[in-house]
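Engineer: Take this sequence and fold it.
(one chain, ligands or ions: 1)
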Amino acid sequence: MIESSYLRATRTGYDAIAVPYDETFRSELAESPFDRAMLAGFAELVAGRHPDGQLIEVGSGPGHVTAHLHGLGLSIRGVDLSAAMVDLARREHPEITFDVGQMGALDVPDGSLAGLVAWYSIIHIPPAHLPAVFAEFHRVLTDGGLLLVGFQVGDDVVHYDEAFGHQISLDFHRLQPSAVAALLDDAGFDLVVRQVRAPEPTSAATKIPQASLIACKRP
Ligand SMILES: C[S@@+](CC[C@H](N)C(=O)[O-])C[C@H]1O[C@@H](n2cnc3c(N)ncnc32)[C@H](O)[C@@H]1O
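Structural biologist: Presented below is the predicted three-dimensional model:
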């Protein structure tokens, strides 16, 4: 199969920067009480509605968020486009399964997951491709299955052709929470929670507003 150019650019970009990305962002959750609150709420919701359900984090990167949710008692594994990220996540979290994969074509049976997390990974999907990606999330979730997405808020595309001293070609698509909620509704999800955080000028990673949404697959 021919890989889309945006997937190839994302994969090679993250392969190049996996190690410094991990070093830079590994303590981010520890510094973000509202991210932890959203993840904790999501974990409690999934565990309450689907005890023993299986989850996937798509775009799991070095596995920080997967490991955090695993620590909250969820049966979760990670999937990422970048083999370098998957190697790193496996080394750092040997108790969790990480596989190379693509969020738009998951190797998972229909209706088999209680939850799916896309934490700052749909930011690399061109908006025109988001409906197909959300349709894939809908396919793999069971009825009443829960989806958590996190992303930076905005209307622009930020392009990096260099990061951590490596030449890359990575696009970061800012998104509007109302637009993402509308696409999720079109894909067959009901919105459960929407969190939008104001920019934090002191943090390098969160100088722009951040959003996270929890949605539930309509039966
Ligand atoms: C900004 S990082 C976020 C990593 C992790 N979720 C976290 O918050 O630490 C984005 C990750 O998404 C992965 N990714 C981007 N597009 C993807 C796709 N179509 N399928 C699977 N993974 C993807 C990248 O390889 C990268 O590891």
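Engineer: Residues contacting the particular helix or strand that has S169 in it, please?
Structural biologist: Element membership for S169 (DSSP states H and E) is strand 166-173. With C-beta atoms under 8 Å, 6 or more residues apart in numbering as the test, strand 166-173 has contacts from 6, 9-10, 12-14, 16-17, 122-127, 152, 157-163. C-beta coordinates here come from the backbone N, C-alpha and C atoms, glycine included.
Engineer: make it 10 Å
Structural biologist: 5-6, 8-10, 12-17, 20, 120, 122-127, 129-130, 151-152, 154-163 (C-beta atoms under 10 Å, 6 or more residues apart in numbering).
Engineer: Just those residues: which are in helices?
Structural biologist: 5-6, 8-10, 12-17, 20, 130 (DSSP state H).
Engineer: D155: what's its closest spatial neighbour, skipping adjacent residues?
Structural biologist: Residue nearest to D155 in three dimensions, not counting chain neighbours: R174, with 6.2 Å by C-beta to C-beta, 6 or more residues apart in numbering.
Engineer: quick one: that neighbour and the ligand, what's the gap?
Structural biologist: 13 Å (C-beta to the nearest ligand atom, to the nearest Å).
Engineer: Get me the contact residues on the chain for the ligand.
Structural biologist: 7, 10, 14, 25, 58-61, 64-65, 80-82, 85, 102-104, 119-121, 124 (C-beta under 6 Å from any ligand atom).
Engineer: quick one: which of those residues sit in strands?
Structural biologist: Assigned to strands by DSSP state E, the following of these qualify: V58, D80, W119.
Engineer: farthest residue from the center of the protein?
Structural biologist: No residue in the chain sits farther from the centre than G165, which is 24.8 Å out by C-alpha atoms, centre = their mean.
Engineer: backbone phi and psi for that one, please?
Structural biologist: Main-chain dihedrals, G165, degrees, to the nearest 10: phi 80, psi 10.
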